[in-house]
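Peer 1: model the structure of this input:
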Amino acid sequence: MQSATVAIAATPADVFRDELIRHGHLLPTGVDGLYGRGEAFERVIAAVDAMVGRLAGDDRVEVLRFPPAMSRAGFEASGYFRNFPQLTAGISCFCGDDSAHRRALACTPAEGGWASHMQPADVMLTPASCYPVYPIVAARGRLPVEGWLVDSSSYCFRREPSVDPVRMQMFRQREQVCFGTPDRIRAFQSRWMDRAMAMFAALHLPAATDIANDPFFGRAAPLMRDGQRSQRLKFEILVPISDPDRPNACGSFNYHVTHFAEAYGIHAADGELAHTGCAGFGLERIVLALLRHHGMDPARWPGPVRAALSP
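Peer 2: As a prediction, this is how the structure comes out:
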């Protein structure tokens, strides 16, 4: 007796991903959440990145750019693995001699294969573009009286494979990182939320803000999530992309209090621990939102949207 085959309905994320691939915007690599990008997609990424940069206006900001990896020492100091081990990824290297190489090549899959002969390197994949900034600023000594502001950008990695194209493992992040007093950080957070909402309005995207929390891990996670929300430390700008009923964060506005100052030894001009905050934008997610709401051909997007991207 033959068993009946049950058809599994495609999810909105499946349909959106297939459409992006069909139009050449995303190139599958065989690993969920890891894509190549087509030429048109990259042109829009560059335009969105430039638009985020223009939001800074006359801010006196130091521009820093980073590779997708950071020092292991700097990563460990941040406490990221303590809070988000499920998203963490390191880099492993082969450090043996010729005979060790032969043993690695001879190692069967049942024995772990050649990968079992790799050793952790002194670098980690960067989880957020602001993370390499803190040890650099800390190494300079006390902050100026007026604080400091950094514009950072890098590819980032978070281990959360998914067929939903919005949830990539490797993606680009553009951030503004603020150092100073509590009042300065709160004002920075509010100012950048206003700027971001104006940007999404100019792009004709249906954006909304909401209090949010990070995906903390383990038994202490509920307490940490509640604390982050109750203190209003994290806000997100949400836009429906793959699924109209489940909007995605395209911008994040965070007040870290003294977490990073304690981790790296960042001090204000008066010697007290500095407070820090960041305003971050997921560049791929913004482009995906544009493709979802305005169509797969950027040349046919509404005139005001194209004008906002190409002033």
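Peer 1: from now on I want contacts and neighbour counts done on CA atoms only, so please keep to that.
Peer 2: Noted.
Peer 1: mind listing what's buried along the helix or strand encompassing residue 210?
Peer 2: If you go by DSSP states H and E, residue 210 is part of strand 208-211. The neighbour-count check on strand 208-211 (16 or more other Cα atoms under 10 Å) flags residue 211 as buried.
Peer 1: note down every partner strand of that strand and its orientation.
Peer 2: strand 234-239 (antiparallel) (DSSP bridges).
Peer 1: contacts for the strand it pairs with?
Peer 2: 197, 205-213, 228, 247-255, 289 (Cα atoms under 8 Å, 6 or more residues apart in numbering).
Peer 1: type out the ChimeraX command that picks the buried ones from those residues.
Peer 2: Buried members of these, identified by 16+ other Cα under 10 Å, are gathered into one ChimeraX selection as follows:
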select :197,205,206,207,211,212,213,228,247,248,249,250,251,252,253,254,255,289
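Peer 1: just to revisit the earlier point, check which element follows the strand holding residue 210 along the chain.
Peer 2: helix 221-230.
Peer 1: next one: that next one to chain centre, how far?
Peer 2: 21 Å (Cα atoms, centre = their mean, to the nearest Å).
Peer 1: specify the angle between it and strand 234-239 in degrees.
Peer 2: 80 degrees (axes from the mean of the first three to the mean of the last three Cα atoms, to 10 degrees).
Peer 1: flag every buried residue along helix 221-230.
Peer 2: Within helix 221-230, judged by 16+ other Cα under 10 Å, the buried ones are 224-225, 228.
Peer 1: tabulate the residues you listed (JSON lines), appending distance to residue 8 and pLDDT.
Peer 2: Shown next, in JSON lines, are the buried residues of helix 221-230 (distance: Cα to Cα, whole Å; pLDDT from 0 to 100):
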{"residue": "224", "distance to residue 8": "37", "pLDDT": "89"}
{"residue": "225", "distance to residue 8": "35", "pLDDT": "91"}
{"residue": "228", "distance to residue 8": "38", "pLDDT": "91"}
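Peer 1: and those, which is closest to residue 164?
Peer 2: residue 225 (24.5 Å; Cα to Cα).
Peer 1: tell me who's in contact with that closest one.
Peer 2: 213-216 are the contacts of residue 225 under Cα under 8 Å, 6+ apart.
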